[in-house]
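sharing a model that was predicted from the sequence below.
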Amino acid sequence: MPSSEPDLCYLTASEALKLFAKRDLSPVELMQAILRRIEFANPKVNALGDCFFDEAIAGARRAEARWIDGTARPLEGIPLAVKDAQHVAGQRTTYGSPLYRENFAQVSDPMIARLEAAGAIIHARTTVSELCISGVCFSTMWGRTCNPWNLTYSPGGSSGGSGAALAAGMTTLATGTDMGGSIRIPASACGVVGFKPPHGRNPDGPLLNVDRFGACGPLARCALDICLVQNVVAGQDPGDHDSLREKPRYPESLEEIAGLRVAWSLDLGYRAVHPDVQVNTERAIALLRDLGCRVEAVELNWNEEIDRLASDWYRLAPAGHMLASAVAQAPDLVSAELVRMVRSWPADAPGITPVLALVHRMARDFANVMARHDVFVCPTMSVPAVRADQSMWDENFEIAGKKVDPEFGYSMTHQFNLLGNCPVISVPSGLSRDGAPTGIQIVGRPFDDLAVIRAALAFEAAGKVWYSGSGLRPKF
């Protein structure tokens, strides 16, 4: 049994389930501790929007009864925070915009329905970047979300509230969506684990389910919890035409990775990289080598064209259409930064064909690398984190002395949304000198989730301990 209430709040789902099974902890005790933690932490971090505390306690009591009578389900009694861009029947989905304050869902997205059917208890919705556009977690609906590790920094976006809630001990599991890094950026900035599955692996709701560059997935405090969730949510759903029939069985125990062939790049061939990210990434690569992996630095034929065309795609994608409609309908209810974004879009911009041509070239280059390797490793972001109040129009934003785009210039994630069939997991790689976490991405060949997960489990087990009683935690 954990020795203190903070220890309870930082339990992983796998640890909590073991304690439930042994009757050393009840779901009610865990939920009560989580709710008290929210009262303390959320005023500082602002990671949660709508909350459902009475319903959560009632659900925890039902879960406790199931553990007693032997009918417990795979995630019975685990507190779950759901991103405010996913649909939960009877709850509203605002996308961080007052325009959607009355947008109540009739049915749950398939991923959410499966999590609830497995016994997870939704106690809160997590804050998002406005209309899920930015890598900084601010919205006109919920305000600004801060990073628990250093409150002057952002937890990332757009699933920033999910990452921050996990790091602050306000939930045990969280969900996210990822069109350009929206799961992995918060995972890296908050020192948690985030998984972007191949498009279609986890069935989704409209319209992200038909966006080939998007996916929904879990965030957690350890890679094992990612496996627990994936074993519940993956697999075909009749309501999602793009959902994949194959359902891998994700490992729930550590496996040897000696001999694994690891390709890696610090900068993807064109990124400016913060010195602390470089140090922590190189240390991570050394750890993989110590685990017996065959590690090789590789070159990718990639450049800034990726950022420009990825930006074009987001303008054409459902999120871009939603934003443009919001600005046309009620510009006074949209943040000035996003209004400026829409009004900067050229009227004669090319359509999707240049994006698809780029995807073909990127896929060819990446396939050449992966023909000789099992996984590819790079930083998740080229900085530890950005300031909580950073503007996407900051003309003076620099990394390692080089001026870069303040919105796309630090992300090393959207490249692998364009390669949407590649599974990617972000795991913590260390802390910066300012106390902000850094992360690495482990990328697999198309649909090879298991290589990615096995590497993440082994890397995590051999590295620093995060969040446990003796491990790294935010200090606030």
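Nice, thanks for sending it over.

now do the one helix or strand in the chain whose mean pLDDT sits lowest: distance to the chain's middle.
Ranked by mean pLDDT, DSSP states H and E, the weakest helix or strand in the chain is helix 305-316, scoring a mean of 89. With Cα atoms, centre = their mean, to the nearest Å as the basis, helix 305-316 stands 20 Å off its chain's centre.

what residues of the next helix-or-strand element following that helix count as buried?
Later in the chain than helix 305-316, the nearest helix or strand by DSSP states H and E is helix 318-329. For helix 318-329, burial by neighbour count (16 or more other Cβ atoms under 10 Å) applies to Pro318, Ala319, Gly320, Met322, Leu323, Ala324, Ala326, Val327. (Each C-beta comes from the backbone N, C-alpha and C, glycine too.)

re earlier: what are the buried residues along the least confident helix or strand of the chain?
Ile306, Asp307, Leu309, Ala310, Ser311, Asp312, Trp313, Tyr314, Arg315.

between these, which is nearest His414?
Set against His414, the nearest of these by Cβ to Cβ is Ala310 (4.7 Å).

could you check the pLDDT of the nearest residue to that closest one once chain neighbours are set aside?
Among residues not flanking Ala310 along the chain, His414 sits closest, at 4.7 Å (Cβ to Cβ, 6 or more residues apart in numbering). At His414, the pLDDT value in this model is 97.

tell me how many other residues surround His414.
Residues lying near His414 (other Cβ atoms under 10 Å) number 23.

quick check, it in contact with Gly420.
No - using Cβ atoms under 8 Å, His414 makes no contact with Gly420, being 10.7 Å away.

residues in a beta bridge with Pro79, which ones?
Each beta-bridge partner of Pro79 is listed here, defined by DSSP bridges: Ile121.

how about the contacts made by Pro318?
For Pro318, the contacting residues are Leu207, Leu208, Asp211, by Cβ atoms under 8 Å, 6 or more residues apart in numbering.

would you mind measuring from Asp240 to Cys216?
Distance of Asp240 to Cys216, given as Cβ to Cβ, to the nearest Å: 10 Å.

who has more neighbours, those two?
The neighbour comparison of Asp240 against Cys216 (other Cβ under 10 Å) goes to Cys216, with 29 against 20.

re earlier: would a markdown table of the buried residues of helix 305-316 with distance to Gln86 be doable?
Shown next, in a markdown table, are the buried residues of helix 305-316 (distance: Cβ to Cβ, whole Å):
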| residue | distance to Gln86 |
| --- | --- |
| Ile306 | 27 |
| Asp307 | 27 |
| Leu309 | 27 |
| Ala310 | 23 |
| Ser311 | 24 |
| Asp312 | 26 |
| Trp313 | 21 |
| Tyr314 | 19 |
| Arg315 | 23 |
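
for Leu151, give me its contacts.
Contacts for Leu151 (Cβ under 8 Å, 6+ apart) come out as Lys44, Val45, Ala388, Phe476.

by pLDDT, rank the contacts of Pro318 and give me the bottom one.
Within the contacts of Pro318, lowest confidence goes to Leu208 (81).

that one contacts Cys216, doesn't it?
Yes - using Cβ under 8 Å, Leu208 is in contact with Cys216, at 6.7 Å.

please enumerate the helices of the stretch 251-400 of the chain.
Here the stretch 251-400 of the chain has its helices, by DSSP state H, counting those that start in this stretch, at 275-290, 305-316, 318-329, 336-344, 353-370.

can I get the ones you listed in TSV with distance to Ile183?
Below are the helices of the stretch 251-400 of the chain laid out as TSV (distance: least, Cβ to Cβ, whole Å):
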stretch	distance to Ile183
helix 275-290	19
helix 305-316	16
helix 318-329	15
helix 336-344	21
helix 353-370	20
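
which one of those helices lies nearest to Val383?
Nearest to Val383, of all the helices of the stretch 251-400 of the chain, is helix 275-290, at 6.4 Å by Cβ to Cβ.

identify each buried residue in the closest one, please.
By 16+ other Cβ under 10 Å, the buried positions in helix 275-290 come out as Asp276, Val277, Gln278, Asn280, Thr281, Ala284, Ile285, Leu287, Leu288.
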